[in-house]
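Trainee: what's the 3D shape of this:
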Amino acid sequence: MLIFAFLTIYFAVYLTECKKQNPSIVIVGAGASGIAAATKLLKNNYTNIKILEAEDRIGGRIKSVKVGDSYVDLGGEFYDGSKDDAVWEMVKDLGILKDRNVDYKIISDGQEIDDENKEKLIAYVISFQDEEECRNLRSIGECFEKTYASLLQRSKSDKETRLLEKSRIWLKNFLSFIGMSTNINDQLLKSYSKQSSSLHWNGHGYKTVLDVMMQKYPDITKQLPIDDKIFLNKRVIHIKGWKNDTIKIKTDDGSRYKADHVIFTTSLGVLKAKHESIFHPPLPANKIAAIKNSGFGSLAKVFVFFEHELDVRGTLHCVWNKQDLKLFNWLKNLVFLIVDERNPKILNGFYGGKGVTLIDTLSDEEVFKGQKYLVSKCLTPKFNVSEPIKILRTSWSTNTNFLGVNSYVSVKGRYNEKLAETLVATGGKPSILFAGEATHPYYYSTVHGAVESGYREAKKIIDFYNTP
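Mentor: Predicted coordinates:
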């Protein structure tokens, strides 16, 4: 009897120690946060890892596409960090970030507006929230209505007034784009950031961040053993038993996995739409409330290809007349255009604001026709441009693996830290850990926020096993 008891205790301790040495970890999503978590775990000798990715590629909302000898980014494009974050630390000495030309041009009725009015409009976008009228207001939308009315009142001429009236929708969409929301009446005014990045990846693509984390760049011979741990086309549909010692995961192709820990990194959009069907038992009420009340928005990009290089430099904005939009009303969501510096035959259009998700539902033919119209109305009168020959476009809001682009802070409250709270199993084990840009307390809606959140959740697992 004593021998049996001894053996039972011995094997229990033995199994526990084995588990501590190499716990099984499933990471849901191979975007920036998922790759960050995996690489940190691997560097700390946690090798029993599986990364389940719903798409047929890694990167998540980083999507760099090879065009010619360089890359264009359909997802994250500009580095918008503060030079003290995880991404900056990774790439600052690699010489791959480059300043872009941010010289602004605003086109109205086929003509570039004068410098005085241009500077006035750009200055408004940058500092509108500092106006006294906004002191006690909560949303960006409320502040916009107040300050825009004041801007009209301060107009010095009928010509300026007409320009401001035409610019109203463009200004609203610009504010939406900067805040990554599709509804500025829902976005908290205090969360509005003046920061605007002028750094781009000089043709390397934002995917470089993934390569650096995986140690495939700058020296591929030092890469981490991660490739065979990534499983593509594996959309997770069920995560069961998170209160228990073993978590069971199922993907849409019928594959099943077991894990001691799950790091869940999919977008807030997916959490909003699918948390009830994914998690069993259900998530705690406070976690559900955080998911529901957090803001999540979208944007669209359309890359237009030309036969000849474009003689357009800087950042181009188009202000429309109402009659201009009768055929393609969705063009009102255009925020700005830039020519790709490494691919000067490509014009990149950025779209934001209320109704921007409609663009993702349009056919390629309809969007292409709209781009030809855009070029004829906004570019051709001033610049020497040829006919567009094809397009490349995004579809973030209609892709069920994302359902949007980035989080923002809603007027309903700031819930980033609540989104990041770990679900703990019986006995105190961190069971389901949440990463992703929406879980970062202040770098939400950014790639560096996603990366840091992945590191954070990996560290929780490492600390759990390193704690006596």
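
Trainee: burial count for residue 151?
Mentor: Neighbour count of residue 151, defined by other C-beta atoms under 10 Å: 21. Heads up, the C-betas are built off the backbone N, CA and C, glycines and all.

Trainee: To clarify, my last question referred to residue 278.
Mentor: Close neighbours of residue 278, defined as other C-beta under 10 Å, add up to 21.

Trainee: Okay, it and residue 295: tell me how far apart.
Mentor: From residue 278 over to residue 295 the distance is 21 Å, taken as C-beta to C-beta, to the nearest Å.

Trainee: do the same with residue 80
Mentor: 18 Å.

Trainee: Those two: which has the busier surroundings?
Mentor: residue 295 (28 against 19).

Trainee: Report the beta-bridge partner residues of that one.
Mentor: Residue 295 has these beta-bridge partners by DSSP bridges: residue 408.

Trainee: What of residue 31?
Mentor: Where residue 31 sits in a bridge, its partners, by DSSP bridges, are residue 59.

Trainee: Tell me who's in contact with it.
Mentor: Residue 31 is in contact with 58, 59, 60, 61, 62, 265, 436, 450, counting by C-beta atoms under 8 Å, 6 or more residues apart in numbering.

Trainee: tally of neighbours for the residue nearest to residue 265 when sequence neighbours are not counted?
Mentor: The spatial neighbour of residue 265 that comes closest, neighbours along the chain excluded (C-beta to C-beta, 6 or more residues apart in numbering), is residue 29 at 3.7 Å. A count of nearby residues for residue 29, using other C-beta under 10 Å, gives 28.

Trainee: Let me know the pLDDT of residue 29.
Mentor: As summarised for this prediction, residue 29 has a pLDDT of 98.

Trainee: got it, and the one 4 residues further on?
Mentor: The confidence metric pLDDT takes the value 98 at residue 33.

Trainee: Correct me if wrong: it contacts residue 446.
Mentor: No - at 11.2 Å, residue 33 does not count as touching residue 446 under the criterion of C-beta atoms under 8 Å.

Trainee: circling back: what's the most distant pair in the contacts of residue 31?
Mentor: Farthest pair in those (C-beta to C-beta) is 58 and 436. Separation: 14.8 Å.

Trainee: More neighbours: these two, which one.
Mentor: Of the pair residue 58 and residue 436, residue 436 is the one with more neighbours under other C-beta under 10 Å, namely 30 against 22.

Trainee: Counting residues, name the longest helix you see in this protein.
Mentor: If you go by DSSP state H, the chain has its longest helix at helix 158-179.

Trainee: helices or strands up against it?
Mentor: Packed against helix 158-179, as judged by 3 or more C-beta pairs under 8 Å, 6 or more residues apart in numbering; DSSP states H and E, are the following elements: helix 115-127, helix 140-153, strand 315-319, strand 334-339, strand 346-351.

Trainee: Which residues belonging to the third one are considered buried?
Mentor: Buried residues in strand 315-319, counted by 16 or more other C-beta atoms under 10 Å: 315, 316, 317, 318, 319.

Trainee: Parallel or antiparallel, list what pairs with that strand.
Mentor: strand 104-108 (parallel), strand 334-339 (antiparallel).

Trainee: what's the angle from the shortest one to helix 115-127?
Mentor: In other words, strand 104-108. Here the directions of strand 104-108 and helix 115-127 differ by 110 degrees (axes from the mean of the first three to the mean of the last three C-alpha atoms, to 10 degrees).

Trainee: okay, strand 104-108 in PDB with CA atoms only?
Mentor: Output in PDB follows, covering the C-alpha atoms of strand 104-108 (Å, rounded to 0.1, in the frame of the first residue of the first chain):
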ATOM      1  CA  TYR A 104       0.600  67.900 -49.300                       C
ATOM      2  CA  LYS A 105      -1.300  68.900 -52.400                       C
ATOM      3  CA  ILE A 106      -5.100  69.400 -52.300                       C
ATOM      4  CA  ILE A 107      -6.900  69.300 -55.600                       C
ATOM      5  CA  SER A 108     -10.300  70.800 -56.100                       C
END
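
Trainee: I'd like the next helix or strand past that strand.
Mentor: strand 111-112 (DSSP states H and E).

Trainee: Quick one: mean pLDDT for that next one?
Mentor: For strand 111-112, mean pLDDT rounds to 91.

Trainee: wait, isn't residue 357 in contact with residue 399?
Mentor: No - if you go by C-beta under 8 Å, residue 357 and residue 399 don't touch, sitting 11.3 Å apart.

Trainee: what ranges do the helices span in the protein?
Mentor: 2-21, 32-43, 86-91, 115-127, 140-153, 158-179, 207-213, 268-278, 285-293, 357-361, 364-374, 416-419, 447-466.

Trainee: Between these, which one is closest to residue 234.
Mentor: With C-beta to C-beta, the closest approach to residue 234 among the helices of the chain belongs to helix 32-43: 12.0 Å.

Trainee: would you put the C-alpha positions of that closest one in CSV?
Mentor: C-alpha atoms of helix 32-43 as CSV (Å, rounded to 0.1, in the frame of the first residue of the first chain):
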residue,chain,number,x,y,z
ALA,A,32,2.4,40.2,-35.5
SER,A,33,1.4,39.2,-32.0
GLY,A,34,1.3,35.5,-32.7
ILE,A,35,4.7,35.5,-34.2
ALA,A,36,6.0,37.7,-31.4
ALA,A,37,4.7,35.3,-28.8
ALA,A,38,6.1,32.2,-30.6
THR,A,39,9.6,33.7,-31.0
LYS,A,40,9.8,34.8,-27.4
LEU,A,41,8.8,31.3,-26.3
LEU,A,42,11.3,29.6,-28.6
LYS,A,43,14.1,31.8,-27.4
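
Trainee: Make CSV out of the helices and strands packed on helix 158-179 and add distance to residue 210 and mean pLDDT.
Mentor: Listed next are these as CSV, based on distance: least, C-beta to C-beta, whole Å; pLDDT from 0 to 100:
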stretch, distance to residue 210, mean pLDDT
helix 115-127, 32, 91
helix 140-153, 32, 94
strand 315-319, 27, 94
strand 334-339, 23, 95
strand 346-351, 21, 96
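
Trainee: Residue 21: which of those is closest?
Mentor: That would be, of these and by C-beta to C-beta, strand 346-351, which comes in at 48.5 Å.

Trainee: and the angle for that closest one with helix 158-179?
Mentor: Strand 346-351 and helix 158-179 are oriented at 90 degrees to each other (the same axes, to 10 degrees).

Trainee: Which parts of the chain belong to which domain?
Mentor: Here the domain parsing of the chain from automatic domain parsing is 2-61+206-294+411-466, 103-195+299-395.

Trainee: ends of the shortest one, how far apart?
Mentor: Start-to-end span of domain 103-195+299-395 (C-alpha to C-alpha, to the nearest Å) is 28 Å.

Trainee: of the contacts of residue 31, closest to residue 366?
Mentor: residue 61 (24.5 Å).
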